[in-house]
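Q: Give me the fold of what follows.
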Amino acid sequence: MLKPQSGTQPLPGRVLALLGLFAFLLFLPGRASTPPFDRDEPRYMEATAQMLESGNFVDVRFQDKPRYLQPAGIYWLEAAAVAASGTLPDRAVWPYRVPSLLAMSASVMLTAWMGSVLFGAPAGIAAAVMFMVSVLVTAESRMGTIDSCLLLTVLLAQVAVLRALLDCERQKSTVWQTPVLFWAAIGCGLMLKGPVILIPSLATPLAMAWVDRNFTLWLRLRPSWGWLISLAILLPWCVAIGVVSHGEFFRNAVGTNFLGKVSSGQQAHGLPPGYHVLVFLIAFWPGSFFVAATLPAIWKNRTTQAVKYLLCWILPHWLVFEAIATKLPHYVLPTYPAIAILTAGMLVRGAPVWNEWPKAIWARVLLGVYGVAWLLVGLALSVAGPVLLWKVEHVVSPAALILAAGCLPLIVLASALIWKSELRKALLTSAACAALLYVGLFLVVVPRLHSIWLAPRLADLVKTHRPCSQTEVASVSFSEPSLVFLLGGKVKLVGAQQAATMMLNNRACAVALVDDHDKEQFLSALGDARSKVVSHGTVSGLNYSNGHHLNISLYGLSAE
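A: Predicted structure coming up:
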């Protein structure tokens, strides 16, 4: 049986700093060159930009509509980054992504520290590497959304729980800084995404209390007064937004957004239980196979304190989000550090994990099938660059081919090492493949997929042919938030009839973006003025949000 290693010396600060720097550099490529990802990211960006322009840091808005989905914490963080960079007028995308970059890099460091405390320094490093190269983590770290920052608050709360757990084992009194950290992290999480932070943070110590039939750990976190710290962080803004919105924020954010996701699938994301387990193969790749391979060892050692703590972190959160109706891959992101630590702990311990692989034939077959699926995902990701460029842009990219040629041998080698039961070497090999793959994709492939980046090209077309300094822009056929952000919020998302009316009322300074599909309806709505319509250019491409191929022209009315 695995003995608890919570007395192990944690990784020194210089090693943690190096891991954080490596994560920072891994997450950096593509941050400035990749346009806003529709649809959530540009909504955060535009709302943040409007916050800075208006000076209103309480009432979050997207164009003229209130954005009452979550508290203002993420907008404040992005606003600070944009203000510090001085890029607000330029609508540069990279400053809005800085909080996610820093938060995810810090999360890697905390994952390494916790892994080293629980299972030793090698496990801490392995956990950090497995976590940082996973598909979902590398994607979220590059997006100006909430989830990377929320994950950091979850980890800070878990650091406090782990410190209290160590004090329990050593029979030491818990210093006041530990509960302060725990409840302050919860307060910050509440300011980011409301009550979501409560699920992983409160469930872990309460699950431990239920399993051990002992509430000592929970009481060490000082719940009798600690909640006041969280309330002190959250309450001022809640009072302000309650007054400004006349209570509408709470009705929408809690009643519609939060509880609505529990009871029904919102925005076509309603899926049955088991979704997160299925998606995990890709979302946590390349670590997903190693998680499956260590399940027998995890089960065998489930009663040890370190394993028990991590399971109490993972299972309640995972089960809650498998049960709710709305499902998106990032909902279980707060469990990924714990999964990485638990898997790494099994891999680097003394006894070989592969000796504890399933004995039953059916279980070995399942693991084999999962391994084949893992290999296919790796092969697909390795060739994704050149295939995408050929399919979307009809070009053969030597750089993308070189990237694939570098990744494919590593995947094959990792598979061979798995076959030989050399899992630790296989993990390092597949992690190196993943790091090479991500850097290459975001430097070589993603910026060159011009056909799917409609918003930047449409924005450039409008700026090039803007007839007046205060041009009115209507977009009939493309209503994605990325266009709103890149045009500085100065675009009206309307139908063909409304666009025609706007142009008739402002003949000199109004233009409209219209797809061929909507062209005849738009021209008919112009009536006699259709003879004066002038096309300033056309942009063609794929709206990846809905899969529609568009051929959008910019129309204006001639002065003659």
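Q: Can you give the domain ranges for this protein?
A: The chain breaks down by automatic domain parsing into domains covering 13-348, 353-450, 453-557.
Q: Could you identify the helix or strand that succeeds the worst-scoring helix or strand of the chain on mean pLDDT?
A: Within the chain, no helix or strand scores below helix 259-263, which has a mean of 55 by mean pLDDT, DSSP states H and E. Later in the chain than helix 259-263, the nearest helix or strand by DSSP states H and E is helix 275-283.
Q: now the strands for the stretch 451-560 of the chain?
A: 472-475, 492-493, 510-515, 533-543, 548-557 (DSSP state E, counting those that start in this stretch).
Q: what packs against the first one?
A: Think strand 472-475. On a contact count with 3 or more Cβ pairs under 8 Å, 6 or more residues apart in numbering; DSSP states H and E, strand 472-475 meets strand 492-493, helix 496-505, strand 510-515. Using the backbone N, CA and C atoms, a C-beta is placed for each residue, glycine as well.
Q: which residues are contacting the shortest one?
A: It stands for strand 492-493. Glu472, Val473, Ala474, Ser475, Ser479, Val484, Gln498, Ala499, Met502 (Cβ atoms under 8 Å, 6 or more residues apart in numbering).
Q: Same check on the last one?
A: Strand 510-515 is touched from outside by 458, 462, 465-467, 471-478, 496, 499-500, 502-503, 522, 536, 550-557, with contacts defined as Cβ under 8 Å, 6+ apart.
Q: ok, how many other residues are close to Tyr68?
A: Tyr68 has 20 neighbours, counted by other Cβ atoms under 10 Å.
Q: Confirm it sits in a strand?
A: No: under DSSP: H, G, I helix; E, B strand; the rest coil, Tyr68 sits outside any strand and is assigned coil.
Q: mind listing what the closest residue to Tyr331 other than its chain neighbours touches?
A: Leaving aside its sequence neighbours, Tyr331 sits nearest to Phe321 (Cβ to Cβ, 6 or more residues apart in numbering; 4.4 Å). Contacts here follow Cβ under 8 Å, 6+ apart; on that basis Phe321 touches His276, Lys327, Tyr331, Val332.
Q: Could you check how far Phe321 is from Met104?
A: Counting by Cβ to Cβ, to the nearest Å, the separation of Phe321 from Met104 is 20 Å.
Q: Quick one, grab the pLDDT at the most centrally placed residue in the chain.
A: Residue closest to the average C-alpha location in the chain (Cα atoms, centre = their mean): Glu140, at 2.8 Å. At Glu140, the pLDDT value in this model is 97.
Q: before we move on, back to that, please pick the buried ones from the contacts of strand 510-515.
A: 458, 462, 466-467, 471-478, 496, 499-500, 502-503, 522, 550, 552-557 (16 or more other Cβ atoms under 10 Å).
Q: quick check: longest helix of the protein.
A: Scanning the chain for the helix with the most residues, using DSSP state H, yields helix 361-388.
Q: List the buried residues of whichever helix or strand comes after it.
A: Remark: after helix 361-388, the chain's next helix or strand is helix 398-419, criterion DSSP H and E. Using 16+ other Cβ under 10 Å as the test for burial, helix 398-419 gives Ala400, Leu403, Ala404, Cys407, Leu410, Ile411, Val412, Leu413, Ala414, Ser415, Leu417, Ile418.
Q: Now the fifth one: closest residue in space that isn't a chain neighbour?
A: Leaving aside its sequence neighbours, Leu410 sits nearest to Cys433 (Cβ to Cβ, 6+ apart; 3.6 Å).
Q: swap in the last one?
A: Excluding its sequence neighbours, the residue lying closest to Ile418 (Cβ to Cβ, 6+ apart) is Ala426, at 4.7 Å.
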